[in-house]
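Participant: coordinates only, no sequence provided:
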C-alpha cells in the first residue's frame with residue numbers, strides 16, 4: 001500500500017521527476033488553507049506534449065453556442081482533457097488525473113493503447129471505408145474472433161456504431177423472430193435513447209414523452225433497495241405475472257443488463273435471471289443480454305457479465321469496451337435467429353467499418369496478451385475490499401457493490417432510510433478531482449459513485465483512489 005504523505009497544501013501542479021506528471025492541490029481547493037494528509041498519485045513515466053489549443057473557457061463558450069443545450073458536465077469547473085495514456089488523463093495544463101470512469105466504462109485496454117492505435121493507423125493508411133457490399137478481411141477476422149468468445153451457437157455478428165443501435169437491432173430481431181410485440185424490461189434499466197431502446201429504458205430521467213409501445217417493466221431485483229432484498233426468485237415471479245396478466249401469454253422477449261450501469265452499478269439478485277429466462281422461453285420469447293457496460297472482461301470473473309448467472313442468452317448486445325473508445329457496437333445471435341433479417345434488406349453503412357473492426361480485433365488481442373481479465377478480477381476485488389473498509393468508517397456510504405472493475409458506492413444521508421445523498425456526492429467528486437481522481441456517478445437518484453476504470457488499473461491506483469475518496473468523504 002502506498003504511503004500517505006503529509007504536506008502543507010500550498011503548491012500548484014508541477015511536473016514530477018523523470019518526466020512523470022505529478023499532481024498537487026492548493027490549500028484553497030482542498031482544505032481552506034489548513035494542513036491535510038494527501039496521497040500522492042502513483043508515478044507514471046509519461047509526460048504529455050505541450051498543449052497550445054483553446055482553453056476551457058473558450059471551449060465552453062463554443063459548446064454553449066453551437067452544441068446541444070442538453071449536454072451536461074461534471075464538476076463546477078469542467079475539465080478540458082487534452083491527452084490520455086493508459087489509466088491516466090491530462091488537462092490543458094499538463095496535470096495528470098487517475099481515470100476511474102474510463103469514458104463511461106468504455107476504455108478497457110487503456111487510453112491510447114499503442115497496439116490499438118497502431119492497428120487503427122495501419123488500417124486507416126490502407127482503407128478507411130468500403131461498406132460491406134465489398135469484401136474486406138477486417139470485418140470477417142473480427143467477427144470470427146468475437147464469436148469465439150461466446151458460448152453455444154452464438155456466432156452470427158451484426159456490427160453497429162453504438163450500444164443504442166445494437167439494442168435497437170436486437171429488439172427488432174426479437175420481434176421479427178417471435179411474431180410478437182411485447183418486451184419485458186427491468187425497472188431502473190438503461191438500454192439507450194432511440195425510439196425502441198427508450199421504451200425499454202426504465203428511468204424517467206432518460207425518457208421523453210414520445211410513443212414507446214409494447215414494453216412492460218418488471219420489478220428491479222435490487223438487493224439493496226428492492227422489496228425482496230437478495231431473493232432473486234421472488235422478483236422473477238413478477239415477470240411471470242406480467243406475462244400472465246399483461247400480455248396474451250406470448251411475448252417477444254426479455255432484455256436486461258447483467259449489472260445495471262447507468263442505474264447505479266446494481267447487481268441483479270442471485271437466481272433472478274435463470275428463473276426469468278425460463279418464464280420468457282416458456283412464453284415463446286427470446287432473451288437478450290445487454291453487455292454494453294459489463295462485457296469485455298470488465299467484471300473480471302468472466303468475460304461476459306451474464307456468465308456469472310449461469311445462463312446463455314439468445315442474443316447478446318455489446319459496445320463501449322468492444323473498441324476501447326472507437327465508435328463500435330455489435331449484436332451476436334444464432335444462425336437460426338439471424339435469418340429473420342433476410343426477409344427484407346438490412347443495411348448499416350458504417351457498421352463493420354474496416355478501421356473500427358481492425359481496432360476491435362486489436363482490443364481483443366490486448367485483453368488476452370496482457371491478461372486484463374485476471375487483472376480486473378485481482379485489482380477489482382482488492383479495490384472493493386478497500387471500499388468496504390471505507391464503508392465501515394463513513395456512515396454516508398450505504399452500499400458497496402459490483403464486481404471486477406465495475407463497482408458502485410452508494411451515498412446516503414441516513415442508512416436506515418437510505419436517503420440519497422445527492423448534493424454530497426457532487427461535493428465529494430469536486431474534492432476528488434482537485435486531488436487528482438476522476439470518477440463517475442449515476443443511479444436513479446444520482447447518488448452512486450460509478451467506478452469503472454481502464455482494466456490496466458493497478459493496486460497502487462486502487463490505494464490512491466480510496467485514500468482520495470476517504471479524504472473527500474471526511475470533509476462532507
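Facilitator: On my side now, so go ahead. Just so it is clear, the model here is predicted, and its values are computed rather than measured.
Participant: now what about stretch 359-370, what contacts it?
Facilitator: Residues from elsewhere that reach stretch 359-370 (CB atoms under 8 Å, 6 or more residues apart in numbering): 108-109, 113, 115-116, 118-120, 123, 138, 141-142, 145-146, 149, 296-297, 321-324, 326, 328, 372-373, 455-456. Where you see a C-beta, it was placed from the backbone N, CA and C, and this is true even at glycine.
Participant: ranges for the helices of the protein?
Facilitator: Ranges of helices within the chain are 27-30, 56-66, 102-105, 114-126, 137-147, 163-178, 195-200, 232-246, 272-282, 335-338, 354-369, 372-393, 422-434, 459-474, based on DSSP state H.
Participant: out of the ones you listed, which comes closest to residue 311?
Facilitator: Between residue 311 and these, the shortest gap by CB to CB is with helix 272-282, which sits at 5.2 Å.
Participant: show the average pLDDT along the closest one.
Facilitator: The pLDDT scores in helix 272-282 average 98.
Participant: helices or strands up against that helix?
Facilitator: With contacts defined as 3 or more CB pairs under 8 Å, 6 or more residues apart in numbering; DSSP states H and E, the packing partners of helix 272-282 are helix 232-246, strand 253-257, strand 286-290.
Participant: residue 392: neighbouring residues, count only.
Facilitator: 8 (other CB atoms under 10 Å).
Participant: show me how the protein divides into domains.
Facilitator: 5-109+371-403+422-474, 114-369 (automatic domain parsing).
Participant: hey, least reliable of those domains by pLDDT?
Facilitator: domain 5-109+371-403+422-474 (a mean of 87).
Participant: may I see the helices and strands packed on helix 272-282 arranged in CSV, with mean neighbour count and distance to residue 443 as well?
Facilitator: Formatted as CSV, the helices and strands packed on helix 272-282 follow (neighbours: other CB atoms under 10 Å; distance: least, CB to CB, whole Å):
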stretch, mean neighbour count, distance to residue 443
helix 232-246, 18, 18
strand 253-257, 27, 14
strand 286-290, 29, 17
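Participant: would a markdown table of the ones you listed with distance to residue 93 be doable?
Facilitator: Output for the helices and strands packed on helix 272-282, formatted as a markdown table (distance: least, CB to CB, whole Å):
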| stretch | distance to residue 93 |
| --- | --- |
| helix 232-246 | 49 |
| strand 253-257 | 37 |
| strand 286-290 | 38 |
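Participant: residue 280 is nearest to which of those?
Facilitator: Closest approach to residue 280 among these is made by strand 253-257 (4.3 Å; CB to CB).
Participant: the closest one pairs with which strands?
Facilitator: Next to strand 253-257 in the sheet, as set by DSSP bridges, lie strand 183-186 (parallel), strand 286-290 (parallel).
Participant: hmm, back to that, any quick PyMOL command for the buried ones out of the contacts of stretch 359-370?
Facilitator: Per 16 or more other CB atoms under 10 Å, the buried members of these correspond to this PyMOL selection:
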select buried, resi 108+109+113+115+116+119+120+123+138+142+145+146+149+296+297+321+322+323+324+326+328+372+373+455+456
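Participant: for the residue nearest to residue 464 when sequence neighbours are not counted, grab phi and psi.
Facilitator: Leaving aside its sequence neighbours, residue 464 sits nearest to residue 39 (CB to CB, 6 or more residues apart in numbering; 5.3 Å). Dihedral angles of residue 39 (phi, psi; degrees, to the nearest 10) stand at phi -70, psi 150.
Participant: any idea how far residue 432 is from residue 39?
Facilitator: Look at residue 39 and residue 432: by CB to CB, to the nearest Å, they are 11 Å apart.
Participant: what is in contact with those two at once?
Facilitator: The contact sets of residue 39 and residue 432 overlap at residue 468 (CB under 8 Å, 6+ apart).
Participant: how about the contacts made by the residue nearest to residue 288 when sequence neighbours are not counted?
Facilitator: Closest residue to residue 288 apart from its sequence neighbours, by CB to CB, 6+ apart: residue 255 at 4.1 Å. Going by CB under 8 Å, 6+ apart, residue 255 touches 167, 170-171, 183-185, 189, 191, 200, 288, 290.
Participant: out of those residues, who has the most neighbours?
Facilitator: Greatest neighbour count in these, by other CB under 10 Å, goes to residue 290: 34 neighbours.
Participant: check the gap between it and residue 388 for me.
Facilitator: Applying CB to CB, the value for residue 290 to residue 388 is 27 Å.
Participant: before we move on, what about residue 471?
Facilitator: To residue 388, residue 471 is 18 Å away according to CB to CB.
Participant: for the residue most central in space within the chain, which non-adjacent residue is spatially closest?
Facilitator: In the chain, the residue lying closest to the centroid (CA atoms, centre = their mean) is residue 105, at 3.0 Å. Counting by CB to CB, 6+ apart, residue 105 lies nearest to residue 452, which is 3.8 Å off, once chain neighbours are set aside.
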